[in-house]
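S.K.: Could you work out the structure for the sequence below:
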Amino acid sequence: MAGHSQFKNIMHKKGKQDAIRSKLFSKLAREITVAAKLGLPDINMNARLRSAVLEARAENMPKDNIERAIKKASGADSENYDEVRYEGYAPGGVAVIIEALTDNRNRTAGEVRSYFTKAGGALAETGAVSFMFDHVGLIEFPAKAASEDQMLEAAIEAGAEDVVSSPDGHEITTTLEMVRDVAQVLETKFGEPRKVSIIWKPQNTIGVDDEAGEKILRLINSLEDNDDVQNVYANFEVSDALMAKLSG
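M.R.: As a prediction, this is how the structure comes out:
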């Protein structure tokens, strides 16, 4: 989710920020509603809901929008969404995983397949590429929450697998089983995390040339633009020059 993928709408040019934000809030609201519907509508009793709300706060989603999305879960007119995972290959043999929340599986599958076809890739069976990724927990804190050494020591002591710190913040990786426990321990030390989520982390990344990289990023952008798609993950790297060109 939003920050729902590591690509953050790279292809969007300036002047579209309002539309991007509106779509982002809609996706965040959908995740909040689904999380509240699957469990209790209380962030202290529902780990998935708490994660969704944390992410919404990190994206500056208005409090009223968050509360409305939670209340919607108990309404008689609440939509029912299926959680679906799609897997496929982008140009250059790059593996892509897409997570979606949809009220129409046929529609979403058809749209996702068309994006891959247009990009010169192919949608595959579930399980075709996920073995190249690790399904792990990810906890994010702003850089100001702690020093690199403080975060590393506390996270490893709490049971984390890895910590990566940068000027953008701290990213703590855990096993699926430990993500909630580690998040709780770190929250007592450093305050509320920016995000707690379950992600697909590539075991290895593939380098691609700029031509393939541009096609892959356009594919990812198309996927992220889809209202039903929540998260996109891929195992590739592109040059800094191409990233600058496409985000400029």
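S.K.: how does this structure divide into domains?
M.R.: Here the domain parsing of the chain from automatic domain parsing is 17-72, 82-131+203-247, 143-193.
S.K.: Out of those domains, flag the one nearest Gly137.
M.R.: Among the domains of the chain, the nearest to Gly137 by Cβ to Cβ is domain 143-193 (2.6 Å). C-beta here means a position set from N, CA and C on the backbone, and glycine is covered the same way.
S.K.: And the pLDDT at Ser114?
M.R.: Ser114 carries a pLDDT score of 97 in this model.
S.K.: Count the neighbours of it for me.
M.R.: 12 (other Cβ atoms under 10 Å).
S.K.: same deal with Lys63?
M.R.: Neighbours of Lys63 under the rule other Cβ under 10 Å: 10.
S.K.: Could you do the one 3 residues further on as well?
M.R.: Other residues near Ile66 number 19, with proximity taken as other Cβ under 10 Å.
S.K.: Is it in contact with Ile32, as I believe?
M.R.: Yes. Between Ile66 and Ile32 there is a contact under Cβ atoms under 8 Å: 6.4 Å.
S.K.: okay, and the common contacts of these two?
M.R.: Val53, Ala56 (Cβ atoms under 8 Å, 6 or more residues apart in numbering).
S.K.: Sketch out the helices for the protein, chain order is fine.
M.R.: All helices of the chain, identified by DSSP state H, fall at 17-38, 47-58, 63-72, 105-119, 148-158, 179-190, 210-225, 240-247.
S.K.: which outside residues touch the fourth one?
M.R.: Residues external to helix 105-119 that are found in contact with it (Cβ under 8 Å, 6+ apart): 82, 84, 86, 88-91, 96, 98, 100, 102, 122-123, 215-216, 218-219, 222-223, 226, 228-229.
S.K.: Filter these down to just the buried residues.
M.R.: The neighbour-count test (16 or more other Cβ atoms under 10 Å) applied to the contacts of helix 105-119 identifies 84, 86, 88-91, 96, 98, 100, 102, 123, 215-216, 218-219, 222-223, 226, 228-229 as buried.
S.K.: So which elements touch the lowest-mean-pLDDT helix or strand in the chain?
M.R.: The weakest-scoring helix or strand in the chain, judged by mean pLDDT, DSSP states H and E, is helix 240-247 (a mean of 71). In terms of contacts (3 or more Cβ pairs under 8 Å, 6 or more residues apart in numbering; DSSP states H and E), helix 240-247 is packed against helix 210-225.
S.K.: C-alpha coordinates for the helix it packs on, CSV please?
M.R.: Output in CSV follows, covering the C-alpha atoms of helix 210-225 (Å, rounded to 0.1, in the frame of the first residue of the first chain):
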residue,chain,number,x,y,z
ASP,A,210,17.3,1.3,-19.7
GLU,A,211,15.0,0.1,-22.5
ALA,A,212,13.7,-2.8,-20.5
GLY,A,213,13.7,-0.7,-17.3
GLU,A,214,11.5,1.9,-18.8
LYS,A,215,9.0,-0.8,-20.0
ILE,A,216,9.0,-2.4,-16.5
LEU,A,217,8.4,0.9,-14.8
ARG,A,218,5.6,1.7,-17.1
LEU,A,219,4.0,-1.7,-16.3
ILE,A,220,4.4,-1.0,-12.6
ASN,A,221,2.9,2.4,-13.0
SER,A,222,-0.1,1.0,-14.9
LEU,A,223,-0.6,-1.6,-12.1
GLU,A,224,-0.4,1.0,-9.4
ASP,A,225,-2.9,3.2,-11.2
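S.K.: if we can go back for a sec, got the angle for the least confident helix or strand of the chain vs helix 210-225?
M.R.: Helix 240-247 and helix 210-225 are oriented at 40 degrees to each other (axes from the mean of the first three to the mean of the last three Cα atoms, to 10 degrees).
S.K.: For Glu161, give its distance to Phe131.
M.R.: Plainly put, Glu161 is 19 Å away from Phe131 if you go by Cβ to Cβ, to the nearest Å.
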